[in-house]
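*Asks:* I would like the atomic coordinates for the input below:
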Amino acid sequence: MVKQDRAIRTRRNILEAAAKIFEERGYQAATIAEILGAAGVTKGALYFHFSSKEQLALGVLEEQDQRFVIPERSCKLQELADVVLLHAYRLQSDPMVRAGVRLSMDQHAEGLDRSGPFLRWSEVCQALLERGQAQGELLPHVIPSVTADVVVGTFAGVQSMSQAVSDYQDLRRKSSELLRHLFPSIAVPSVLTSLDLSESRGADVFEEIQRDLLEPAAVAS
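*Replies:* Now for the predicted structure:
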């Protein structure tokens with residue numbers, strides 16, 4: 001168990017170091033040597049967990065999705081909004097998320113399959129839209145698979161613009177504005193008026209998740 005815990009910590013340390021380097025340098029410019037230096041581990045330790053720079057990058061892309069699970073909402077459009085707004089909030093402060101976005105947007109990342117995050121986002125959005133449709137939340141013309149791709153594509157564009165213009169400092173506001181433009185064409189009026197699409201929503205959801213994570217530990221102690 002001790003060895004397993006140590007291996008988990010080492011892998012985590014390597015991923016965090018890789019995220020830092022990828023976010024700063026991009027995929028092509030980043031080197032294994034730089035990641036080793038940032039992680040403070042041996043080459044053998046790194047290659048025990050990751051066989052190549054590509055595998056490291058894929059590990060970062062996967063890790064950004066593992067940290068937080070959105071609390072389930074009775075309203076699926078609110079849950080979809082929370083997914084988007086929480087991501088916008090985390091992108092301002094979480095190096096793993098920032099690195100994941102840079103990698104997924106990096107058109108110069110030759111040899112790296114960048115499709116994973118986009119496909120996962122589309123799957124999540126489509127599933128929520130389908131459940132919302134079953135509950136009568138969507139307007140009749142909405143096709144969940146098409147709308148999911150529109151949400152993912154437009155949000156990716158907003159992220160890219162925000163990074164270039166303000167280093168993500170305006171992303172929460174722009175993400176809120178994006179949803180306020182998109183959702184009237186998706187949601188039935190009675191649902192639309194109940195949604196919280198505010199700029200502060202991502203921070204509120206983050207704090208909610210943090211409380212949920214702490215409560216089991218408090219009960220156990």
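*Asks:* and the helices in this structure, which stretches?
*Replies:* 2-25, 32-39, 43-49, 53-63, 76-91, 95-105, 115-134, 144-166, 171-182, 189-192, 201-220 (DSSP state H).
*Asks:* for stretch 167-181, buried residues please.
*Replies:* Across stretch 167-181, burial judged by 16 or more other C-beta atoms under 10 Å covers 168, 170, 171, 172, 174, 175, 176, 178, 179. Every C-beta, even on glycine, is put in place using the N, C-alpha and C of the backbone.
*Asks:* got it, and stretch 5-12?
*Replies:* Neighbour-count burial for stretch 5-12 [16+ other C-beta under 10 Å]: 10, 11.
*Asks:* can you check stretch 121-132 too?
*Replies:* 121, 122, 124, 125, 126, 128, 129, 131, 132.
*Asks:* just the C-alpha atoms of that stretch, please, in PDB.
*Replies:* C-alpha atoms of stretch 121-132 as PDB (Å, rounded to 0.1, in the frame of the first residue of the first chain):
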ATOM      1  CA  TRP A 121     -17.300  17.500 -24.100                       C
ATOM      2  CA  SER A 122     -19.700  16.700 -26.900                       C
ATOM      3  CA  GLU A 123     -20.700  13.400 -25.300                       C
ATOM      4  CA  VAL A 124     -21.400  15.100 -21.900                       C
ATOM      5  CA  CYS A 125     -23.400  18.000 -23.500                       C
ATOM      6  CA  GLN A 126     -25.400  15.600 -25.700                       C
ATOM      7  CA  ALA A 127     -26.300  13.400 -22.800                       C
ATOM      8  CA  LEU A 128     -27.500  16.300 -20.700                       C
ATOM      9  CA  LEU A 129     -29.400  17.800 -23.600                       C
ATOM     10  CA  GLU A 130     -31.100  14.400 -24.300                       C
ATOM     11  CA  ARG A 131     -32.100  14.100 -20.700                       C
ATOM     12  CA  GLY A 132     -33.400  17.700 -20.700                       C
END
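*Asks:* what does it contact?
*Replies:* Contact with stretch 121-132 is made by 75-77, 79-80, 83, 138, 142, 144-145, 147-149, 151-152, 155, 186, as judged by C-beta atoms under 8 Å, 6 or more residues apart in numbering.
*Asks:* and those residues, which of them are buried?
*Replies:* Buried among those (16+ other C-beta under 10 Å): 75-77, 79-80, 83, 138, 142, 144, 147-149, 151-152, 155, 186.
*Asks:* of those residues, which is the nearest to residue 37?
*Replies:* The shortest approach to residue 37 among the buried ones among the contacts of stretch 121-132 belongs to residue 155, at 34.1 Å (C-beta to C-beta).
*Asks:* so how far is residue 50 from that closest one?
*Replies:* Here residue 155 is placed at a distance of 29 Å from residue 50 (C-beta to C-beta, to the nearest Å).
*Asks:* and for residue 54, the neighbour number?
*Replies:* Number of residues near residue 54 (other C-beta atoms under 10 Å) recorded here: 14.
*Asks:* mind listing what it touches?
*Replies:* By C-beta under 8 Å, 6+ apart, the contact set of residue 54 is 111, 112.
*Asks:* thinking again about what came up before, pLDDT and distance to residue 159 for the buried residues of stretch 121-132 - can I get that in CSV?
*Replies:* CSV is the format used below for those (pLDDT from 0 to 100; distance: C-beta to C-beta, whole Å):
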residue, pLDDT, distance to residue 159
121, 90, 11
122, 94, 15
124, 93, 16
125, 96, 15
126, 97, 20
128, 97, 19
129, 98, 20
131, 98, 25
132, 98, 23
